[in-house]
Structures are given as C-alpha cells and as structure tokens.
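Trainee: sequence plus predicted model, see below.
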Amino acid sequence: MTAQAEARILTAARAWIGTPYRHQASCRGAGTDCLGLVRGVWRDLYGEEPETPPPYTPDWAEAPGDDGVRETMAEGARRHLDEIAAGEVRAGDVVLFRMRPGGPAKHAAILSAADRMIHAYSGRAVVETALSAWWRKKLAYAFRFPGF
C-alpha cells in the first residue's frame, strides 16, 4: 500500500470520529456501528456498497449455534476485501476481533498505525484508540481494501 493510499483511507476513517454509536447505522455524523464505519469508508473510496448486510445482533458474546460458529462478518469481508495474514497488517487495513473464545468475530476496526485503530465504540462514538495487548489477543481476521 502506498503512503498516498494509506492517507486516503485514514482521511476517510478519521472523518467519522465523533459519530455517535448506533447499532446497524452507517451515517457519518448521525450514527454508526463498527461495521457501518467500514461500510462508510468503502463508500468514500469506491462509491456504492456492493451489498446490504443482513440484520445482526449487537451482542458481542453470542454463543455458537448447534452447527458451530458462523463467521458472518468475516464471510462478508472475504466477498469484498482482500484477506491478509494478521502479521501483515498496517495502517489502512480492516481488522476483525473475536470478543469471546469460540464465538464469531463481531467487531471491526480500521488500523490507523501499528498500535492504533479507529472503531465505533458501543455506547459512545467512533474513536481512535490504542491497539492494546487486550485487543491484539482478540484479533481474528485482517483484510485490505482492494486496489490499495
């Protein structure tokens, strides 16, 4: 990824900082959740979204169903983003977190530096925070915007 491409992604993501948290929303300044943030940055980069996400619960601690864990968020990301190894992440990449051992990946963020991320924080707003050891332990998937 070039410095110019990284700057374009981070400018788009940082424009969402302060947007209040709203489950299943994706409207800069009015409300968004973590997936809505990624969707909004996609629109800034490419225009129209390639698909509408299905309804999803706000609960990070979902238990697996009888058929095991369905990685709905990761499956959607694979359809539209380029999957990369977690060890290859850099600023501008999308990361997904598994909030509960054995549960599905249910939280998304955009890395803003090797140790920082931009994400919609439940009950608060879009923020830029540290990618702490606590978050790193929960990192399950990493993706790059196509063409970047």
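Mentor: Thanks, I have the structure now. Just so it is clear, the model here is predicted, and its values are computed rather than measured. Numbering: from 1, shown residues only.
Trainee: in the protein, which strand has the most residues?
Mentor: In the chain, with assignment by DSSP state E, the single longest strand is strand 105-113.
Trainee: extract the CA atoms of that strand and return them as PDB.
Mentor: Taking C-alpha atoms only, strand 105-113 is exported to PDB below (Å, rounded to 0.1, in the frame of the first residue of the first chain):
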ATOM      1  CA  ALA A 105     -15.800 -12.300  15.000                       C
ATOM      2  CA  LYS A 106     -18.200  -9.400  15.800                       C
ATOM      3  CA  HIS A 107     -16.100  -6.200  16.000                       C
ATOM      4  CA  ALA A 108     -14.400  -4.300  13.200                       C
ATOM      5  CA  ALA A 109     -11.800  -1.500  13.200                       C
ATOM      6  CA  ILE A 110      -9.500   0.200  10.700                       C
ATOM      7  CA  LEU A 111      -5.900   0.400  11.800                       C
ATOM      8  CA  SER A 112      -4.500   3.900  11.900                       C
ATOM      9  CA  ALA A 113      -0.900   3.000  12.900                       C
END
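Trainee: helices or strands next to it in the packing?
Mentor: helix 3-14, helix 34-46, helix 72-80, strand 94-98, strand 116-120 (3 or more C-beta pairs under 8 Å, 6 or more residues apart in numbering; DSSP states H and E). The C-beta positions use only the backbone N, C-alpha and C, and glycine is treated the same way.
Trainee: change it to 6 Å
Mentor: helix 34-46, strand 94-98, strand 116-120 (3 or more C-beta pairs under 6 Å, 6 or more residues apart in numbering; DSSP states H and E).
Trainee: chain center to the second one, what's the gap?
Mentor: Mean C-alpha position of strand 94-98 versus that of the full chain (C-alpha atoms, centre = their mean, to the nearest Å) differs by 6 Å.
Trainee: contact partners for the residue minimising distance to the centre of the chain?
Mentor: Nearest to the geometric centre of the chain sits residue 108, at 2.6 Å (C-alpha atoms, centre = their mean). Taking C-beta atoms under 6 Å, 6 or more residues apart in numbering, we find residue 108 in contact with 34-35, 38, 96.
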